[in-house]
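[1] Mind folding the following:
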Amino acid sequence: MQGRPQNMVCVGIGQCGVQALNRVWYTLMKEHDLNFIGEMMQPAHQENTSILMHFQEHTTGKYTPRTLFIDSDDVPIEVLRTGKMKNFYGMHAFCSGGSSCANNYARGRYSAGRNILDDACDKYRTLLEDCDRVNSVLKINSFQGGTGTGLSNTLFEQAPIPKGVNSVSCDVVPSPFFSTATTNYYNVLFGLTESYIQFGTHFIFDNLSLYKKCILEDIEDINLTHINDILATCISGISCPMRFCGLNDGSNNLKKILTNLVPFPNLRMILSSATRFGSINYPVDYAIKSVELTCQVFKNHHRLCTPKLQDGTYLACNLQFRGQNEKSVLIKSIQRMYDLYEPKFTSWIPTPFRISTSWKPIVFSNDSVFKGTMNSCIMMSNNTIVSEILEIYGRNFEMLLEKRAFVHWYISQGMEEGEFAQCKESYDIISKSYHDVITGTGEFAINE
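    From the prediction side, this is the model:
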């Protein structure tokens, strides 16, 4: 089995998912030295032995991504079909309709999304069948819109993740304190409760924190491409330790990383922090010491979620170091970080840290304002602060529903009013799981 690389299928749904996944492929293309038509620019060497994880090799020697872009609106898809990557993606990588879901979960699930559901399911199943040894399905979407919630949930309900396959959902959510649409909190709860059934792990990013990360890097005239480049670096990093093995070698597999991050079945919302990426205006042209990398990801202004992580309790952390690092130094840097910041960890997980490494530094496409660094660290953590996020979303949902605000838009698309109450009930179960950890009720307990 060692000769058959594990494959990861990546699906982007909705405008956010499509645009973010496109930048992920820019990153993966750069990491594996591919050009815009899928040809390897350098002779195959060590770093490209795992290229088949994300790419399918053809007899012509070209590589095409194992990917699918789905949107009920044709405009975001058409940009890719006619853009500079048009010869990079396969013929069946796109699925689109002619009508936007207009920030309405019900349109994605019951009306506009249904028009392309059969085509999306067929192309998704074909993508899985073309894999040698499918190991993971990774989905990118936003919980703010109708396609990324409604259509996404319906797709994976009709075509479930195969048993035994790792399932990861990378979700962009509205900041608890800032939202771009009035119906977002309906969409968030409907999207999350259904997706929680379908996917094993959720990596959560919020729009405001991604924007602030661009400010930290001194980016001018911030746009969605800049924000998506940050997302792409974090998301491509999920598989990086498996493609470019570091100090842990064989222990760098996704199943082990996820196993160490999720202590209980319902506690699977993962938050992230990242060190400096370096930009044109604010470059990092030197190797950062390991202790500084470790300390950076525990600082507030490096987090990719709005709530302050130190206000919660850490259950588990995966520190992913990229670039040249020595394992003994990394372990010492964690101890040094403990001494400086005294982060709160639960006492009933004696070894909450897991270290994964990759010798490949972070890279960005040539058109990016980010320039990369010689070494870096991304922290993936399970933290009880998630309960604060869930509480705010739930409260906003209830305030809207109490006045039945905007409910008629959902009912008009085929949704039954009783689904709102069912959604809130399912959501409360998820929220209660985090609350029980904090309060120490039931099987959960935190001993400070």
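
[2] now the spatially most central residue of the chain: how far from residue 235?
    By CA atoms, centre = their mean, the chain has its centre lying nearest to residue 170, at 2.5 Å. Residue 170 sits 5 Å away from residue 235, going by CB to CB, to the nearest Å. No exception for glycine: its C-beta is placed from N, CA and C like everyone else's.

[3] Need the overlap of contacts for these two.
    In terms of CB atoms under 8 Å, 6 or more residues apart in numbering, residue 170 and residue 235 are both contacted by the residues 20, 138, 140, 203.

[4] and which of these is nearest residue 13?
    Nearest to residue 13 among the shared contacts of residue 170 and residue 235: residue 140, at 7.4 Å, using CB to CB.

[5] Could you list which residues are in contact with the closest residue to residue 388 other than its chain neighbours?
    Using CB to CB, 6 or more residues apart in numbering and skipping residues adjacent in sequence, the residue nearest residue 388 is residue 307, 5.1 Å away. Going by CB under 8 Å, 6+ apart, residue 307 touches 176, 385, 388, 389.

[6] Output the shared contacts of residue 170 and residue 235 as a markdown table; include the columns distance to residue 346 and pLDDT.
    Shown next, in a markdown table, are the shared contacts of residue 170 and residue 235 (distance: CB to CB, whole Å; pLDDT from 0 to 100):
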| residue | distance to residue 346 | pLDDT |
| --- | --- | --- |
| 20 | 32 | 98 |
| 138 | 28 | 98 |
| 140 | 30 | 98 |
| 203 | 21 | 97 |
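
[7] could those residues go into CSV alongside distance to residue 403, neighbour count and secondary structure?
    Formatted as CSV, these follow (distance: CB to CB, whole Å; neighbours: other CB atoms under 10 Å; DSSP: H, G, I helix; E, B strand; the rest coil):
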residue, distance to residue 403, neighbour count, secondary structure
20, 33, 25, helix
138, 38, 26, strand
140, 33, 32, strand
203, 33, 23, strand
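
[8] need those in JSON lines with distance to residue 230, can you?
    Formatted as JSON lines, those follow (distance: CB to CB, whole Å):
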{"residue": "20", "distance to residue 230": "10"}
{"residue": "138", "distance to residue 230": "17"}
{"residue": "140", "distance to residue 230": "13"}
{"residue": "203", "distance to residue 230": "13"}
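
[9] before we move on, the earlier item: now the residue nearest to residue 388: how far from residue 208?
    Distance from residue 307 to residue 208, by CB to CB: 11 Å.

[10] mind listing the helices in the stretch 101-250 of the chain by residue range?
    In the stretch 101-250 of the chain, the helices defined using DSSP state H, counting those that start in this stretch lie at 105-110, 117-129, 152-158, 184-198, 207-216, 224-243.

[11] Output those as CSV; include the columns distance to residue 371, mean pLDDT and mean neighbour count.
    What follows is the helices of the stretch 101-250 of the chain, written out as CSV (distance: least, CB to CB, whole Å; pLDDT from 0 to 100; neighbours: other CB atoms under 10 Å):
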stretch, distance to residue 371, mean pLDDT, mean neighbour count
helix 105-110, 37, 97, 28
helix 117-129, 33, 97, 16
helix 152-158, 33, 97, 22
helix 184-198, 33, 96, 23
helix 207-216, 14, 94, 19
helix 224-243, 11, 94, 23
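
[12] Show the pLDDT at the residue of the chain most remote from its centre.
    No residue in the chain sits farther from the centre than residue 403, which is 33.4 Å out by CA atoms, centre = their mean. pLDDT for residue 403: 96.

[13] Same question for residue 6.
    With respect to pLDDT, residue 6 scores 86.

[14] Spatially nearest residue to it, not counting backbone neighbours?
    residue 135 is the one closest to residue 6 (CB to CB, 6+ apart), at 3.6 Å.

[15] What is the neighbour count of the one you found?
    Neighbour count for residue 135, taken as other CB atoms under 10 Å: 20.

[16] ditto for residue 371
    With other CB under 10 Å as criterion, residue 371 counts 18.

[17] if we can go back for a sec, what strand or helix carries the residue nearest to residue 388?
    Using DSSP states H and E, residue 307 maps to neither a helix nor a strand.

[18] do residue 357 as well
    Counting by DSSP H and E, residue 357 is found in strand 353-358.

[19] If we go by neighbour counts, what in that strand is buried?
    353, 354, 355, 356, 357, 358 (16 or more other CB atoms under 10 Å).

[20] Including pLDDT, could the residues you listed go into CSV?
    As requested, the buried residues of strand 353-358 are exported to CSV (pLDDT from 0 to 100):
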residue, pLDDT
353, 92
354, 91
355, 90
356, 89
357, 89
358, 90
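
[21] Turn the residues you listed into CSV, columns for distance to residue 62.
    Formatted as CSV, the buried residues of strand 353-358 follow (distance: CB to CB, whole Å):
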residue, distance to residue 62
353, 41
354, 36
355, 36
356, 30
357, 31
358, 25
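
[22] Pick the one among the residues you listed closest to residue 222.
    In terms of CB to CB, no member of the buried residues of strand 353-358 lies closer to residue 222 than residue 358, at 28.0 Å.

[23] Tell me what that closest one is bridged to.
    For residue 358, the beta-bridge assignment (DSSP bridges) gives partners residue 245, residue 322.

[24] Confirm for me that it is in contact with residue 322.
    Yes: the pair residue 358 and residue 322 passes the contact test of CB atoms under 8 Å, sitting 4.9 Å apart.

[25] Common neighbours of those two, please.
    Joint contacts of residue 358 and residue 322 (CB under 8 Å, 6+ apart) are residue 240.

[26] how about residue 382, phi and psi?
    The phi/psi pair for residue 382 (degrees, to the nearest 10) reads phi -100, psi 120.

[27] what sits against it?
    By CB under 8 Å, 6+ apart, residue 382 lies in contact with 261, 262, 263, 267, 268, 269, 270, 271, 314, 315, 316, 317.
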